[in-house]
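structure of the sequence below:
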Amino acid sequence: MINSTQLTDIYLAVFAVIIFLSSLRSIRGRKYKLGKLFLRPILYLLLGAFLAFSDLFLFPIYIFLLFLIFSIIFGVLIGLKLGKATVFYKNSELYYKRSLVTYIIWLILFLGRISIEILGSVNDLELVILDSMLMLSAGLLIGESYQVITFVRKMKKYEI
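Numbers count the residues shown, from 1 in each chain. Predicted coordinates:
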């Protein structure tokens, strides 16, 4: 039988592997594929939403959802304006790199939220604010993805 300490260790190990692999891909770049470009931000959004909805009982649902939706929309708008992803060719294939700053912001917020989940050391309002910030950072990644798509379309339009 697995006790809670072992379950926490497994939980942390799985997240460590995911974060490590994601970090490598962020540094090296990823092959450009439209589906994969949005897959990660949407997975981050779903993962963040899963963590956020575990705290749904803290506030009335309409206030909670308003915080999350506003955070996502605001994050997308910021990602569209400030996203600094790069697109490049490597071995005749199109690649892209996400902004390291955007990724680090998301990573810090995500690790902070997981730490709180394990340690449980903040009050309800701080937890909702952190969940909203996590949704904002997922929105940043979605906005940045849209920016990459726009840039690639322009690139392909002017290619000879």
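
drop to CA atoms for contacts and neighbour counts, all remaining ones
Noted.

mind checking how far residue 98 is from residue 27?
Residue 98 is 8 Å from residue 27, where distance means Cα to Cα, to the nearest Å.

looking at these two, which is more packed in?
residue 98 (23 against 12; other Cα atoms under 10 Å).

which residues touch the more buried one?
Going by Cα atoms under 8 Å, 6 or more residues apart in numbering, residue 98 touches 26, 29, 84-86, 144.

which of those residues are buried?
For those, a burial check counting by 16 or more other Cα atoms under 10 Å picks out 26, 29, 84-85, 144.

can you list contacts of the helix or strand hosting residue 63?
Under the criterion of DSSP states H and E, residue 63 resides in helix 61-82. Applying Cα under 8 Å, 6+ apart, the external contacts of helix 61-82 come out as 56, 128, 131-133, 135-144, 146-147.

I'd like the mean pLDDT over the helix or strand that it is followed by, please.
Later in the chain than helix 61-82, the nearest helix or strand by DSSP H and E is strand 86-90. The average pLDDT for strand 86-90 rounds to 87.

columns distance to residue 76 on top of the contacts of residue 98, output as JSON lines?
JSON lines is the format used below for the contacts of residue 98 (distance: Cα to Cα, whole Å):
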{"residue": "26", "distance to residue 76": "19"}
{"residue": "29", "distance to residue 76": "21"}
{"residue": "84", "distance to residue 76": "13"}
{"residue": "85", "distance to residue 76": "14"}
{"residue": "86", "distance to residue 76": "18"}
{"residue": "144", "distance to residue 76": "8"}
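
list just the nearest of the residues you listed to residue 112.
residue 26 (19.8 Å; Cα to Cα).

now do the contacts for that closest one.
97-98, 100, 103.

show me the helices in this structure, by range?
Applying DSSP state H to the chain gives helices spanning 4-28, 34-53, 61-82, 100-119, 124-157.

out of these, which is closest to residue 93?
Residue 93 lies closest, by Cα to Cα, to one member of the helices of the chain: helix 124-157, at 12.3 Å.

next one: the closest one to chain centre, how far?
Put simply, helix 124-157 sits 7 Å off its chain's centre (Cα atoms, centre = their mean, to the nearest Å).

again with stretch 111-124
Per Cα atoms, centre = their mean, the centroid offset for stretch 111-124 relative to its chain is 18 Å.

report the buried residues of it.
Buried residues in stretch 111-124, counted by 16+ other Cα under 10 Å: 113-114.
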